[in-house]
Structure formats: C-alpha cells, structure tokens
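> just a sequence and a predicted model for now, questions to come.
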Amino acid sequence: MIYTVTLNPALDRTIWLEDLKVDDTNRILKEEKYAGGKGIDVSRVLSNFGVPNVALGFVGGFAGLEIEGLLINEGVNFDFVKISEETRTNIVINSQSHEKQIIISAVGPHIPPFELTKFMEKINSVDNPSYVIISGSLPEGLKPAVYAKIIDTVKSLGAKVVLDTDGEALAFNINHKPDIIKPNKHEISRVVGRELQTIEDIIVAAKEINRKGIKTILVSMGKEGILYVSENIMMHALPPEVKVINTIGAGDSSVAGYIYAKYMGFSEEEALRYAVAAGTATTLKPGTALATLEDTLKIKDQVRLRHL
C-alpha cells in the first residue's frame, strides 16, 4: 500500500475576481473549496490514476470535516488523526484580467505531544507499506525530528520514502536517508547553502546529496522541467510549451506521476516522463484541480528527455 503524510493540510478557499482592487469592493465571480496540502494532493492524483493509497495526517474542526467530505466525494481514502484545533484555511485569489494568482497561506494549528503520539501509533501500524510520501510543512509545535521518526519507522517496515519539504525539515532529514527527495531549485540551494544558477550547478549540488545516501533526487524547475540525479544516471526532462493557468499542486502531481510509473513497474526514464507530464497537466487546470491520467498520457509523449 502507498501512504501519503500531510501534517499541515489546508482547506483551500479559491475565489475568482475580475481584478483585485485596493480600497474598493471586490465582488467574487466564482468560489470553490478544495482539500489542500502537498501529501493530500499526491493522494488525489494517485487516486485519479487508479492507484490504491491512503492519506494520513491531522485534521480538526469544521475545516477538517470539510476536507474529509471533499475527499470522500473524490474517492480518496484517508485515515486522519482528529485534533483539538482547527485545520487552517488558505485563500487563493485568481485575478482574471491579469491572469495572476495570489496565494495567502495560513500558519495552521498547534499540535500538542499527545496528538503527535496518536499519529505515531498510526505510523507504527501501517499495513505493508511500499511507498510513503512525506510532504509539506510542519505545523506549529512539531520539529524536523518528527519527520525523522516517520522515515526511520516506515523504512524499518520495508517502505521506500519520498520526502518533499523545505528548509530545516529537509536539511535535517537528509541524514535519515529518505530514498527520494523532490526539491525545487530554490529548496536545493538552501540545503547546500549556496545559490544555484545553472543546471550544472544543480547537478553538482545533487551529487553532493547523493553521496550522503539519498538514492534519487528530482529537482523541479518549473517550465525548465525536472532534473533527475541518481548514483549512476542523470537525466533532464522538458515539458512541452503550454499556457499555464495554475501552479498549485504541480510539484505534488509530479511526485504522484513518478510514483504511479514506479507502481506500474516502468523504467526510470518513463517515470521521469510521467512526473513531468503529470505536473504539466495540473498547470492547465483552474483552481487547485489536479492532473488526470488521461491528460497526463496526452502530454507524456511530448516530454523531451535527454541523458546527461
């Protein structure tokens, strides 16, 4: 079974305006709500692709119930720990006249030790995990060592671990050797402590991280695609040129596309193509709607891949 971990999920309230005006009334043209959070995004795309998985994490209050209801309606399986504080709500504003997105991200609830203990009990009892994808920021009250404990526990149960986070949570947990990490070029720059300008710079940094025991590094670079670095293989995959409508969830969709291909037994080259195609498919959808397998397959054969 594949599991995703989202410790700081969000209810994404997405609104569309003609324009965002200062000191004037802004009338909403359309409004939708989505179950948000990086691991939840991965679960939604995997479910869209027909891959069995379970989303784990914390939810609380009315927003937490909304997230659960939305996921039930989408056919996404979950097993969340209920918390005493309210799950955060993020605001996503789409300005139609400027074709721009403004994302207002809330901090989220504080997680006390007893709620963390309840979550770790779930982690200790996951059934036959093949992949565990740990994504996103840590909520208030939790430190990077929490991710380390999750990594160590699920690896002892035989799972391969994907870690997709940033800052101290990423840098600290490289020492716990997740199998795969998926930073963007800014996140990997922060890990190595220097600005990375070129693909060659990123390759050098990724190789440094390889030597610390990380088997596979997927560096997302927006319209420049994804750079794949492992001990023996380096590849660069470029998406076709598209009109980007939305960027929310694109990186998470890439993770899901890669894991889908691995679940299906495809090669690393094919897995990288699926990663780029799934991320690109999500950028074509409004709001925080995510990639479907049909859209991904249409794009996959247009992905240009070269070995480095």
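Structure's in. What do you need?
> tell me the secondary structure at residue 217.
Per DSSP: H, G, I helix; E, B strand; the rest coil, the local secondary structure of residue 217 is strand.
> run through the bridge partners of it.
According to DSSP bridges, the residues that bridge with residue 217 are residue 181, residue 229.
> counting neighbours, what do you get for it?
Using other C-beta atoms under 10 Å, residue 217 is surrounded by 23 other residues. Glycine gets a C-beta too; all of them are placed from N, C-alpha and C.
> one more: residue 13?
By other C-beta under 10 Å, the residues close to residue 13 number 18.
> also the one 10 residues further on?
When counting by other C-beta under 10 Å, one arrives at 4 neighbours for residue 23.
> distance check, the residue nearest to residue 194 when sequence neighbours are not counted against residue 47.
Closest residue to residue 194 apart from its sequence neighbours, by C-beta to C-beta, 6 or more residues apart in numbering: residue 205 at 7.8 Å. With distances taken as C-beta to C-beta, to the nearest Å, residue 205 is found 33 Å from residue 47.
> which strands border the one helix or strand residue 4 maps to, and is each parallel or antiparallel?
In this assignment (DSSP states H and E), residue 4 forms part of strand 2-6. Taking DSSP bridges as the criterion, strand 2-6 sits next to strand 53-59 (parallel), strand 131-135 (parallel) in its sheet.
> list the contacts of the first one.
With contact meaning C-beta atoms under 8 Å, 6 or more residues apart in numbering, strand 53-59 is reached by 1-9, 37, 39-40, 43, 46-47, 64-65, 67-68, 71, 76-83, 87, 109, 111, 115, 119, 122-123, 126, 139.
> so which of these are in helices?
Per DSSP state H, helices hold the following members of the contacts of strand 53-59: 39-40, 43, 46-47, 64-65, 67-68, 71, 115, 119, 122-123.
> of these, closest to residue 176?
Proximity of the ones in helices among the contacts of strand 53-59 to residue 176 was ranked by C-beta to C-beta; the top entry is residue 123 with 14.0 Å.
> OK, contacts around that closest one?
Applying C-beta under 8 Å, 6+ apart, one finds that residue 123 lies in contact with 5, 56, 149-150, 153-154.
> which residues in this protein form strands?
2-6, 10-17, 30-36, 53-59, 81-82, 88-95, 100-104, 131-135, 160-164, 180-181, 216-220, 226-230, 234-238, 304-307 (DSSP state E).
> so what pLDDT did the closest residue to residue 110 other than its chain neighbours get?
Among residues not flanking residue 110 along the chain, residue 140 sits closest, at 4.1 Å (C-beta to C-beta, 6+ apart). For residue 140, the pLDDT comes out at 91.
> does residue 140 touch residue 112 like I think?
No: contact between residue 140 and residue 112 fails when scored by C-beta atoms under 8 Å: they sit 10.0 Å apart.
> which residues does the residue nearest to residue 189 when sequence neighbours are not counted contact?
Among residues not flanking residue 189 along the chain, residue 196 sits closest, at 4.7 Å (C-beta to C-beta, 6+ apart). Residues touching residue 196, when contacts are defined by C-beta under 8 Å, 6+ apart, comprise 185, 188-189, 202, 205.
> tell me the most packed of these, by neighbour count.
Of those, residue 188 is surrounded by the most neighbours, 25 neighbours in total, counting by other C-beta under 10 Å.
> returning to that earlier point: for the residue nearest to residue 110, give me its contacts.
107-111.
> buried ones among those residues?
Applying a neighbour-count criterion of 16 or more other C-beta atoms under 10 Å, the buried members of the contacts of residue 140 are 108-109, 111.
> between those residues, which sits nearest residue 173?
Using C-beta to C-beta as the measure, the one of those that approaches residue 173 most closely is residue 111, at 17.7 Å.
> name the nearest residue to the closest one, ignoring sequence neighbours.
Computed as C-beta to C-beta, 6+ apart, the closest residue to residue 111 that is not its neighbour in sequence is residue 141, at 4.4 Å.
> residue contacts, the residue nearest to residue 194?
Taking C-beta under 8 Å, 6+ apart, one finds 188-189, 191-192, 194, 196 in contact with residue 205.
> in helices, which of those appear?
Secondary-structure check on those using DSSP H: residues within helices are 188-189, 191-192.
> longest single helix anywhere in this protein?
The longest helix of the chain (DSSP H) is helix 268-283.
> residue 13 against residue 35, yeah?
No: counting by C-beta under 8 Å, residue 35 is not a contact partner of residue 13; they are 11.5 Å apart.
> coming back round to it: of all the buried ones among the contacts of residue 140, which comes closest to residue 297?
Top of the list for closeness to residue 297, among the buried ones among the contacts of residue 140 and by C-beta to C-beta, is residue 108 at 35.4 Å.
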